[in-house]
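**Student:** Quick one: sequence plus predicted model below, questions after.
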Amino acid sequence: MLKIEGIKIATINSKIKYKNRDDLLLIYLPKGTIAAGVFTQSDIVGDCIITARQNLKKGLAQALIVNAGNANVFNGKLGQESVNNINFTASDLFNCPQEHIYSFSTGVIGEVLQDKLITDKLPQMVQNLEQNDISWQKAAQAILTTDLTDKKISKEFEISGEKIKINAIAKGSGMIAPNMATMLSYIFTNINIDQKVLQQIFSQINEVSFNSITVDSDSSTSDAAMIFSTKKAQNPEINDINDPNLNIFKKNLQEIMIYLAKEIVFDGEGAQKLIEINVKNAKSEESAKKIAFAVANSPLVKTAIAGEDPNWGRILMAIGKVAEKIDPNKISIKIGDNNIVTNGIKDDSYDENKTHNYLKNKEIYIEINLNIANFNRRVWSCDFTEEYIKINKDYRS
C-alpha cells in the first residue's frame with residue numbers, strides 16, 4: 001500500500017466480540033481532509049449511519065473509527081448515545097468538531113454496543129498512530145466479520161505531473177445486496193479536488209461498482225462507502241465536473257471500486273464461484289439492472305452454478321419473473337463462449353457437456369441479450385453452497 005501524507009493508522013483488540021484479533025480501527029486524517037460517501041437505503045439503519053449522513057453535510061473529516069463484531073443497530077437511545085460518546089471522545093482527542101468524526105459499526109444486530117470498550121482504547125490508539133504497509137494490512141483486517149480474506153488495493157498515477165495516490169480497503173461477505181453500496185469500504189487519496197465534485201463522481205462510480213453486486217439479496221443496516229481526500233497533492237484543484245483531469249482520476253477510482261466490489265462477491269459466504277451477468281440491449285438501464293439482479297439473486301440459478309449444472313431454464317425463469325415487457329422471441333443467452341439460446345430458442349450449436357465443463361471454472365460469465373434497445377447493465381454475484389447455510393447458522397455461536 002502507498003504512503004499518503006498526513007494519514008495515520010492504529011488498530012487494537014477492544015474485546016467487543018473477538019478475543020484474539022484486532023477489531024477496532026482508528027484512522028487519523030489531517031486537517032482540511034474532505035469526505036464524500038454513500039450509505040444504505042434500508043429503513044432500519046445503525047445510528048452511526050444516521051450521524052454520518054448528518055456529518056457529511058459539512059464535507060470535512062479528521063478521523064475514521066470502525067469496530068467489528070457489533071452493528072449497534074436497533075438499540076433505541078442507547079445506540080445514539082454510543083455513537084455520541086465515541087465521536088465526542090475522538091473529537092476531544094483530536095481537538096476538532098464532532099462533525100469531523102466518522103464512526104461505523106459492523107456485526108451482530110440488536111445487541112447493545114459497549115462503547116466504553118472503544119472510548120477507553122482511543123487514547124492508546126492515538127499514541128500508536130502510524131502509517132506503513134503493516135498498518136494498512138491491519139486496517140483491512142480489523143474491520144472484517146465473516147470475511148475469509150481482507151480486501152485492499154492501491155494505485156498511483158499522475159495528473160499535471162503530480163503523483164496522485166489512492167489506497168482502499170473494504171469488508172463484506174454476507175448480507176450483500178446493493179441499495180447504495182452494500183458493505184463497508186473506505187478509500188483514501190491525496191488529490192486536490194472540490195468536495196462537491198468528489199461526491200458527484202463517487203456516487204456515479206458507486207452505481208457501477210458496489211451498487212452492482214449481490215451475494216444473498218439482503219441489504220445491510222450498516223452499509224457505507226466513503227472516500228477521503230487530504231487534498232495535499234499539488235495538482236491544480238479540480239472544481240469542475242467537466243475538467244479533463246477528472247477523467248484520469250475517475251478511471252483509476254472506478255478500477256479500484258470495481259476490484260473491491262468483485263473481491264467482496266468472491267469472498268461471499270460459502271462462495272466458490274464469481275458470476276458476472278451482463279444484460280445487453282434492454283429498453284432502459286433500469287430494466288437491464290432489474291433483470292440482471294433477478295438472475296444474480298435467484299437461488300435456483302446460484303445453486304445450479306454451484307453444482308456446475310447447465311440448467312439454463314433457470315436463467316429464463318429469472319428473466320421472466322421481473323415483468324419488464326420483454327420479447328421472448330428476441331432473447332439470446334450465452335454462458336461463457338457457449339451459445340445457449342438464440343432468438344428465443346435453444347441454439348443449434350448448444351453442447352451441454354461443453355457448458356458443464358465451462359461451469360467448472362471459478363469465474364462464470366452469463367450474457368443476456370434482449371435485443372430491444374441499446375441499454376446495458378453488468379452485475380456480479382456468486383454461487384450458493386451448503387457453506388453459506390453453515391456460516392449463517394453458526395454466526396452468533
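**Tutor:** Here it is on my side, so go on. Numbers count the residues shown, from 1 in each chain.
**Student:** what ranges do the strands span in the stretch 51-200 of the chain?
**Tutor:** Here the stretch 51-200 of the chain has its strands, by DSSP state E, counting those that start in this stretch, at 63-70, 101-108, 151-159, 162-171, 184-189.
**Student:** meant to ask about the stretch 251-397 of the chain, not that
**Tutor:** So, for the stretch 251-397 of the chain - with DSSP E, counting those that start in this stretch - the strands run 274-282, 332-335, 338-342, 345-346, 363-369, 375-382.
**Student:** so what strands line up beside the longest one?
**Tutor:** Going back to what we said before, that points to strand 274-282. The strands beside strand 274-282 in its sheet (DSSP bridges) come out as strand 363-369 (parallel), strand 375-382 (antiparallel).
**Student:** Ser42: which of those strands is closest?
**Tutor:** strand 375-382 (19.1 Å; C-beta to C-beta). Quick note: C-beta positions are derived from backbone N, CA and C, even for glycine.
**Student:** Tell me how far the closest one lies from the chain's centre.
**Tutor:** Taking C-alpha atoms, centre = their mean, to the nearest Å, one finds strand 375-382 lying 15 Å from the centre of the chain it belongs to.
**Student:** now stretch 325-343
**Tutor:** With C-alpha atoms, centre = their mean, you get 30 Å for stretch 325-343.
**Student:** Pull it out as CSV, backbone CA atoms only.
**Tutor:** Taking Å, rounded to 0.1, in the frame of the first residue of the first chain, the C-alpha atoms of stretch 325-343 are listed here in CSV:
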residue,chain,number,x,y,z
LYS,A,325,-42.2,-6.5,-21.1
ILE,A,326,-39.5,-8.3,-23.0
ASP,A,327,-40.0,-10.2,-26.2
PRO,A,328,-39.1,-13.9,-25.5
ASN,A,329,-38.6,-14.4,-29.3
LYS,A,330,-35.7,-11.9,-29.3
ILE,A,331,-33.7,-13.3,-26.3
SER,A,332,-30.2,-14.7,-26.8
ILE,A,333,-28.2,-16.2,-23.9
LYS,A,334,-24.5,-17.2,-23.7
ILE,A,335,-22.7,-18.9,-20.9
GLY,A,336,-19.0,-18.2,-21.4
ASP,A,337,-18.5,-18.6,-25.2
ASN,A,338,-21.2,-21.2,-25.4
ASN,A,339,-24.4,-20.2,-27.3
ILE,A,340,-27.3,-21.4,-25.2
VAL,A,341,-30.4,-19.6,-26.7
THR,A,342,-30.6,-17.6,-29.9
ASN,A,343,-33.6,-15.6,-30.9
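**Student:** buried residues in stretch 314-330?
**Tutor:** Buried residues in stretch 314-330, defined by neighbour count with 16 or more other C-beta atoms under 10 Å: 314-316, 318-319, 324, 326.
**Student:** Tabulate the CA atom coordinates of whichever helix in the chain runs longest in CSV.
**Tutor:** Ranked by number of residues, the top helix in the chain under DSSP state H is helix 244-266. C-alpha atoms of helix 244-266 as CSV (Å, rounded to 0.1, in the frame of the first residue of the first chain):
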residue,chain,number,x,y,z
PRO,A,244,-10.3,16.8,-18.4
ASN,A,245,-8.1,15.8,-15.5
LEU,A,246,-11.1,14.4,-13.7
ASN,A,247,-11.3,11.6,-16.3
ILE,A,248,-7.9,10.3,-15.3
PHE,A,249,-9.0,10.2,-11.6
LYS,A,250,-12.4,8.7,-12.4
LYS,A,251,-10.8,5.9,-14.5
ASN,A,252,-8.5,4.8,-11.7
LEU,A,253,-11.1,5.2,-9.0
GLN,A,254,-13.6,3.1,-10.9
GLU,A,255,-11.0,0.4,-11.4
ILE,A,256,-10.4,0.3,-7.6
MET,A,257,-14.0,0.3,-6.7
ILE,A,258,-14.9,-2.5,-9.2
TYR,A,259,-12.0,-4.5,-8.0
LEU,A,260,-13.1,-4.3,-4.4
ALA,A,261,-16.7,-5.0,-5.3
LYS,A,262,-15.7,-8.2,-7.1
GLU,A,263,-13.5,-9.2,-4.2
ILE,A,264,-16.5,-8.9,-1.8
VAL,A,265,-18.6,-11.2,-4.1
PHE,A,266,-15.7,-13.6,-4.5
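**Student:** how far out from the middle of the chain is that helix?
**Tutor:** That offset, for helix 244-266, works out to 11 Å (C-alpha atoms, centre = their mean).
**Student:** Kindly report the same for stretch 307-325.
**Tutor:** Using C-alpha atoms, centre = their mean, the offset of stretch 307-325 from its chain centre is 26 Å.
**Student:** Now do the end-to-end distance for it.
**Tutor:** 31 Å (C-alpha to C-alpha, to the nearest Å).
**Student:** Give me the residues contacting it.
**Tutor:** Residues from elsewhere that reach stretch 307-325, judged by C-beta atoms under 8 Å, 6 or more residues apart in numbering: 282-283, 287, 290-291, 294-295, 298, 300-301, 304, 326, 328, 331, 333, 335, 340-341, 352, 355-356, 359-360, 366, 368.
**Student:** Cool, thanks, signing off.
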